[in-house]
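>>> Give the three-dimensional model of this entry:
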Amino acid sequence: MDYAESLRQRVRLLAGMPQSTLERVYHERLRLSLGTERMLAQFRKHNIHTLLVSGGFTFFAERLGARLGLDATCANEPEIRDGTLTGQLLGTIIDAEGKARELRRLRAALGIERSRIIGIGDGANDLAFLAEAGVSVGFHAKPTVRAAVMHCIDYVGLDGVINLFE
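As a prediction, the model looks like this:
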């Protein structure tokens, strides 16, 4: 089963769940990776644009984007009607190719050369995205990603990325 069908099946299981459950997950369960805020502060200091592209839900990505001052976010849109998840997705599914497509779109919109893109990921669904970056970083990455990236960060937080450029 491919990612898109697997995602659709998992989302169908959420049918009837109140939107407030997503709020609770965001506030009670969602945790930033160690070093995220420090890394982003350094990126802002050097005028580096940031994109969070996720196979998860826009509900979380957009809130994180606003909270962290990200330039752009992209994720899968769960359909919510009258405060309840329908079990369906809206729009194009953000899978491996969707992540890469979004990076290409933003890169073109900003006029940034591929060599100036830093991609950070951890799983197989990030491989196409990471291949679009001039510098690819595996963060606590699975073996398939480790084999494909230029750098791996295993023992420190995301702020370890900063050390690659200082």
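>>> What's the biggest strand in the chain, counting residues?
Ranked by residue count and defined by DSSP state E, the top strand of the chain is strand 72-81.
>>> Okay, now the sheet partners of that one, with direction.
strand 51-57 (parallel), strand 84-90 (antiparallel) (DSSP bridges).
>>> In the protein, where is pLDDT below threshold?
In the predicted model, the chain carries pLDDT under 70 at residues 1, 166.
>>> Which helix in it has the most residues?
helix 96-110 (DSSP state H).
>>> now whichever helix or strand comes after that helix, how far from the chain's geometric center?
Where DSSP states H and E defines the elements, the next helix or strand beyond helix 96-110 is strand 118-121. Computed by C-alpha atoms, centre = their mean, to the nearest Å, the chain-centroid distance of strand 118-121 equals 9 Å.
>>> can you pull the contacts of the most far-flung residue of the chain relative to its centre?
Within the chain, the residue lying farthest from the chain centre (C-alpha atoms, centre = their mean) is residue 82, at 27.2 Å. Residues near residue 82 by C-beta atoms under 8 Å, 6 or more residues apart in numbering: none. From N, CA and C alone the C-beta is placed, and that goes for glycine too.
>>> What values do phi and psi take at it?
phi 50, psi 40 (degrees, to the nearest 10).
>>> Start the count at 15 instead of 1 going forward.
Okay, residue one is now 15; in that scheme the one you just asked about reads as residue 96.
>>> and it, how far is that from residue 16?
31 Å (C-beta to C-beta, to the nearest Å).
>>> Please identify the most buried of the strands paired with strand 86-95.
Of these, the one with the most neighbours on average (mean count of other C-beta atoms under 10 Å) is strand 65-71, at a mean of 19.
>>> Using PDB, write out every CA atom in the helix or strand just after it.
Sequence order places helix 72-82 as the next helix or strand after strand 65-71, per DSSP H and E. Written as PDB, here are the backbone C-alpha positions of helix 72-82 (Å, rounded to 0.1, in the frame of the first residue of the first chain):
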ATOM      1  CA  THR A  72      -2.200  21.500   8.500                       C
ATOM      2  CA  PHE A  73      -3.800  21.900  11.900                       C
ATOM      3  CA  PHE A  74      -0.500  21.300  13.500                       C
ATOM      4  CA  ALA A  75       1.900  22.700  10.900                       C
ATOM      5  CA  GLU A  76       0.100  26.000  10.600                       C
ATOM      6  CA  ARG A  77       0.100  26.500  14.400                       C
ATOM      7  CA  LEU A  78       3.700  25.600  14.600                       C
ATOM      8  CA  GLY A  79       4.500  27.900  11.800                       C
ATOM      9  CA  ALA A  80       2.900  30.800  13.500                       C
ATOM     10  CA  ARG A  81       4.400  30.000  16.900                       C
ATOM     11  CA  LEU A  82       7.900  29.600  15.500                       C
END
